[in-house]
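A.B. asks: fold the following.
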Amino acid sequence: MTTAQKFSISRYAPERSAWRKLTARDSIVRRLDWTMLLAAFVLSAMSTLLVYSATRGRTELNHGDPYYFLLRNALNIGIGIALAVGTIWLGHRTLRGAVPILYGISVLLTAAVLTPLGATINGARSWIQLPAGFSIQPSEFIKITITLGMAMLLAAKVDAGDRPYPDHRTVLQALGLAALPILIILLMPDLGSVMVLVVIVLAALLASGASNRWIVGLIGTGVAGCLLIWQLGVLDEYQINRFAAFANPALDPAGVGYNTNQARIAIGSGRLTGSGLFHGSQTTGQFVPEQQTDFIYSVAGEELGFIGAGLIIVLLGVVLWRACRIARDTTELYGTVVAAGIIAWFAFQAFENIGMTLGIMPVTGLPLPFVSYGGSSMFAAWIAIGLLQSIKVQRPLSA
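C.D. replies: Modelled structure (predicted):
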């Protein structure tokens, strides 16, 4: 028996699952994690300013309206916060019963991307185009449904008191649930989203107390799978070039390595305090492509300097710290696994996005949570915040 399994036994014993109703004094509003909410809101507010700075002069993108992206980003944030409120109101336990429906819808939407309904942007067929210029990226919502689905399966027998940790059959079911959307997304191909989903799966297994043999086996399978994908030529040429440029930054500085080199120049020119909001020469000169999405961190580095760029990392750290506290304090395995999946998702995606901007990670096109422009990513991030808040609000209390 592993240490994680022993921890699971002591932590989720049925006799510790005493519940009591919320009183007026112990209301939902009082029990919200306002520190996390404030950090996420400040990140979103910074996103609006940074997106506006990156797009106000790009007439080929904003259709001649400098406020085009600013207003759309503000709308995305507003919808995201509303979705978070709705998630808190419904509660993560209510959503637990709806997981099969949510999973089915998200998988169908993801598969629809491979049909004529799908749209190709920046080499990846990852979007479904909607009227009025809007689009959705189903792979962002798959992160939520896989997290909820794996938590539901892995915690079912444990929270019912039937087992101290998930058995092998349960783990296989959870892996099967995650495998289908991962394979679909790999066909797009969207390697960045696949990496995030794999990290979520590993985090869910670790948090559930599953045998360490599963973790080791999955890591080995992942390494073998990467080698097989490379040998079979599944990756598109632009993805192979991105990895080549990461391995050798001087390989093609005017071609495939251009984005990263320009982003590093922008961040380096910001120094300690930055050149001032809306006054970055790299940003106003439009030298960094996709600066409102993939490379939004370069705007912060250039215009807000080390202090502003560091503040983004600190705020993301606050969100992760509070999420870790929620995962630690809940007394149901389902809530712990959900929180662990979200923590892994946010942590990996933030590290990858900032890392590729600095040139220490390969370019994958993953957005920076709460900061990069994009409706689907903003909605998914705020829904995840709603799930974390629900876990805290509805946490079982001792009698």
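A.B. asks: how close does the closest residue to V158 other than its chain neighbours sit to V107?
C.D. replies: Of all residues not flanking V158 in the chain, L333 sits nearest, at 4.5 Å (C-beta to C-beta, 6 or more residues apart in numbering). (C-beta placed from N, C-alpha, C; glycine too.) The gap separating L333 from V107 is 24 Å, by C-beta to C-beta, to the nearest Å.
A.B. asks: likewise A380?
C.D. replies: A380 is 15 Å from V107, by C-beta to C-beta.
A.B. asks: with I182 instead?
C.D. replies: 11 Å.
A.B. asks: follow-up on the earlier one: what about A380 and V107, which has more around it?
C.D. replies: Counting neighbours by other C-beta atoms under 10 Å for A380 and for V107 shows that A380 has the greater number, 23 against 18.
A.B. asks: SS state for that one?
C.D. replies: Secondary structure assignment for A380 (DSSP: H, G, I helix; E, B strand; the rest coil): helix.
A.B. asks: same thing with V288?
C.D. replies: Relying on three-state DSSP, one would call V288 coil.
A.B. asks: quick one: what helix or strand has the residue lying closest to it once chain neighbours are set aside in it?
C.D. replies: Closest residue to V288 apart from its sequence neighbours, by C-beta to C-beta, 6+ apart: Q262 at 4.6 Å. Assigning secondary structure by DSSP states H and E places Q262 in helix 258-270.
A.B. asks: ok, now R125?
C.D. replies: R125 belongs to strand 124-129, assigned by DSSP H and E.
A.B. asks: go on, V318?
C.D. replies: helix 305-329.
A.B. asks: so what secondary structure elements neighbour that helix?
C.D. replies: Counting contacts by 3 or more C-beta pairs under 8 Å, 6 or more residues apart in numbering; DSSP states H and E, helix 305-329 is packed against helix 34-55, helix 258-270, helix 296-303, helix 333-358, helix 375-393.
A.B. asks: of those, which is nearest L316?
C.D. replies: For the helices and strands packed on helix 305-329, the distance to L316 is smallest for helix 333-358, at 5.1 Å, taking C-beta to C-beta.
A.B. asks: okay, the angle between the closest one and helix 375-393?
C.D. replies: 140 degrees (axes from the mean of the first three to the mean of the last three C-alpha atoms, to 10 degrees).
A.B. asks: show me which residues of helix 333-358 are buried.
C.D. replies: 333-350, 352-358 (16 or more other C-beta atoms under 10 Å).
A.B. asks: ramachandran angles for Y373?
C.D. replies: phi -70, psi 140 (degrees, to the nearest 10).
A.B. asks: tally of neighbours for it?
C.D. replies: 26.
A.B. asks: so how far is Q292 from it?
C.D. replies: 4 Å.
A.B. asks: tell me if I'm right that A111 and I184 touch.
C.D. replies: Yes. Assessed by C-beta atoms under 8 Å, A111 is found in contact with I184 at 5.5 Å.
A.B. asks: between the two, tell me which one has more neighbours.
C.D. replies: More neighbours surround I184 than the other of A111 and I184, with 20 against 17 (other C-beta under 10 Å).
A.B. asks: wasn't the more buried one part of a helix?
C.D. replies: Yes. Assigned with three-state DSSP, I184 falls within a helix.
A.B. asks: OK, contacts around it?
C.D. replies: Listed by C-beta atoms under 8 Å, 6 or more residues apart in numbering, the contact partners of I184 are 107, 110-111, 113-114.
A.B. asks: with L148 instead?
C.D. replies: With C-beta under 8 Å, 6+ apart, L148 has these contacts: 92, 95-96, 99, 102-103, 338, 387.
A.B. asks: roughly how far does it sit from L102?
C.D. replies: With C-beta to C-beta as the criterion, L148 and L102 are 7 Å apart.
A.B. asks: likewise for L175?
C.D. replies: 19 Å.
A.B. asks: do you know how far the residue nearest to V288 is from L368?
C.D. replies: 17 Å.
A.B. asks: more neighbours: these two, which one.
C.D. replies: L368 (27 against 20).
A.B. asks: list the backbone torsions phi and psi for that one.
C.D. replies: Phi and psi for L368, reported as degrees, to the nearest 10, are phi -80, psi 120.
A.B. asks: likewise for G365?
C.D. replies: phi 80, psi 10.
A.B. asks: that one against G192, yeah?
C.D. replies: Yes. Contact status for G365 versus G192: in contact at 5.2 Å, counting by C-beta under 8 Å.
A.B. asks: same drill for these two, tell me which one is more crowded.
C.D. replies: Using other C-beta under 10 Å, the more surrounded residue of G365 and G192 is G192, with 25 against 21.
A.B. asks: show the pLDDT at that one.
C.D. replies: Listed pLDDT for G192 reads 88.
A.B. asks: quick check: phi and psi on the nearest residue to it once chain neighbours are set aside?
C.D. replies: Among residues not flanking G192 along the chain, T364 sits closest, at 3.3 Å (C-beta to C-beta, 6+ apart). Here the main-chain torsion angles of T364 (degrees, to the nearest 10) amount to phi -130, psi -10.
A.B. asks: ok, T364 - contacts?
C.D. replies: Applying C-beta under 8 Å, 6+ apart, the residues near T364 are 191-192, 195, 242, 352, 356.
A.B. asks: that'll do, ta.
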